[in-house]
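Enquirer: Could you look at this predicted model? Sequence included:
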Amino acid sequence: MPSTEPSEPVLLRQLDEHGVLLLTFNRPDRNNGWCLELEEAYFGALIEASSDSAVRVIVVTGAGRSFCPGMDMQILEQSAKSGTHSTATSRRWPMTTARWIPKPMIAAVNGACAGIGFVQMTCCDLRFAASTAKFTTAFARRGLPAENSLSWMLPRLIGTGNALDLLLSARVVLADEALQLGLVNRVYPADELLPAALAYARDLADNCSPTSMALIKQQVSRDWERSAEESRLQSLVLMSEMGAHGDFSEGVMSYQEKRQATFGGYAEELKIPRSINR
């Protein structure tokens with residue numbers, strides 16, 4: 001994937017031979033406030049990355065001092081004056097598109113994270129935060145409901161009681177509390193955040209089967225709505241299929257031979273579901 005110009009709302013940077021794609025929300029003059037142009041660029045980049053065999057892991061961060069503080073306040077002000085909260089078009093991506101990307105996604109939350117930005121963070125598979133990062137669901141303090149299935153995702157991440165606390169109060173949560181709640185996986189000093197997230201991503205890209213990671217993401221997502229027995233039976237089907245896959249043989253042989261594995265790319269059938277495409 002080629003890099004975009006700095007004026008683009010989302011910067012793309014393919015990192016060396018590891019296959020890690022860095023996506024950067026790039027509206028620092030607006031603290032990376034969400035808008036349709038950023039939305040189109042971000043989800044478009046994710047869809048493209050999902051079918052790009054060179055991309056194995058995706059890291060998302062923000063330019064400047066914020067990750068994404070939610071909808072751009074100018075847009076919210078216009079919505080409040082018009083009496084409607086909508087920037088809807090018939091061609092918008094689902095706000096949860098990131099959940100269906102078959103490649104590991106890591107949010108490197110470098111600053112303020114609220115509203116739609118909070119939703120996008122929760123849609124990522126792992127969340128690393130700078131020690132200076134701040135989080136708020138925001139919706140209750142803007143006279144809005146929990147948007148974009150956050151009321152479904154957040155209890156599954158941090159439990160119902162904690163989710164209701166953050167949704168009802170919309171209070172600001174600092175990085176250390178976010179770690180304690182399980183909202184984020186790790187906290188780093190601000191200058192160490194992105195190097196740490198990229199190092200983790202490279203480890204996944206270098207040492208883990210892309211097909212296995214895609215299947216595991218799929219299992220975790222679908223098993224939220226399956227019984228334990230249904231999950232067990234499905235895992236048996238997947239184990240049988242992967243037993244005949246080249247990555248299984250390579251994983252075993254590389255371990256026995258004490259060398260780094262050379263796994264294949266993503267299987268065609270594990271790419272983003274057609275239902276997500278517009």
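Expert: All right, it came through fine.
Enquirer: hey, let's count contacts and neighbours off CA atoms from now on
Expert: Noted.
Enquirer: Excluding covalently adjacent residues, which one is nearest to R186?
Expert: Nearest residue to R186, sequence neighbours excluded (Cα to Cα, 6 or more residues apart in numbering): F128, at 4.9 Å.
Enquirer: For that neighbour, the count of nearby residues, please.
Expert: Per other Cα atoms under 10 Å, the neighbour tally for F128 reads 25.
Enquirer: Ok, A197 next?
Expert: 24.
Enquirer: picking that back up, is the residue nearest to R186 bridged to anything, and to what?
Expert: Counting by DSSP bridges, F128 is bridged to A108, R186.
Enquirer: thinking it is in contact with P189, fair?
Expert: No. F128 is not in contact with P189 according to Cα atoms under 8 Å; the separation is 10.7 Å.
Enquirer: that older thread, could you measure the residue nearest to R186 against V59, distance?
Expert: 10 Å (Cα to Cα, to the nearest Å).
Enquirer: Now do the shared contacts for these two.
Expert: I106, A107, A108, A197 (Cα atoms under 8 Å, 6 or more residues apart in numbering).
Enquirer: ok, the last one touching A129?
Expert: If I follow you right, that is A197. No. Under the criterion of Cα under 8 Å, A197 is not in contact with A129, lying 9.2 Å apart.
Enquirer: Show me the common contact partners of the two, please.
Expert: A108.
Enquirer: Identify the residues contacting the closest residue to T96 other than its chain neighbours.
Expert: Leaving out its chain neighbours, the residue that sits closest to T96 by Cα to Cα, 6+ apart is C123, at 6.4 Å. With contacts defined as Cα under 8 Å, 6+ apart, C123 is in contact with T96, A98, R99.
Enquirer: what's the closest of those residues to L193?
Expert: Taking Cα to Cα as the measure, L193 sits nearest to A98 out of the contacts of C123, at 21.1 Å.
Enquirer: what packs against the longest helix anywhere in the chain?
Expert: Looking across the chain with DSSP state H, the single longest helix is helix 190-207. With contacts taken as 3 or more Cα pairs under 8 Å, 6 or more residues apart in numbering; DSSP states H and E, helix 190-207 sits against strand 20-25, strand 57-62, strand 105-109, strand 126-130.
Enquirer: If we use 7 Å, what do you get?
Expert: strand 20-25, strand 105-109, strand 126-130 (3 or more Cα pairs under 7 Å, 6 or more residues apart in numbering; DSSP states H and E).
Enquirer: Do you know the pLDDT at the residue nearest to R186?
Expert: On pLDDT, F128 comes in at 98.
Enquirer: Could you measure from it over to P28?
Expert: For F128, the distance to P28 - Cα to Cα - is 20 Å.
Enquirer: do the same with P195
Expert: To P28, P195 is 20 Å away according to Cα to Cα.
Enquirer: So between these two, which is more surrounded?
Expert: P28 (16 against 13).
Enquirer: rewinding a little: the residue nearest to R186: what's it in contact with?
Expert: By Cα atoms under 7 Å, 6 or more residues apart in numbering, the contact list for F128 reads A107, A108, V109, V184, N185, R186, V187, A197.
Enquirer: Now with 6 Å, please.
Expert: A108, V184, N185, R186, V187 (Cα atoms under 6 Å, 6 or more residues apart in numbering).
Enquirer: Same check on S66?
Expert: By Cα under 6 Å, 6+ apart, the neighbours of S66 are N31, G111, A112.
Enquirer: Out of those residues, give me the one that has the most neighbours.
Expert: Within the contacts of S66, neighbour counts (other Cα under 10 Å) peak at G111, which reaches 25 neighbours.
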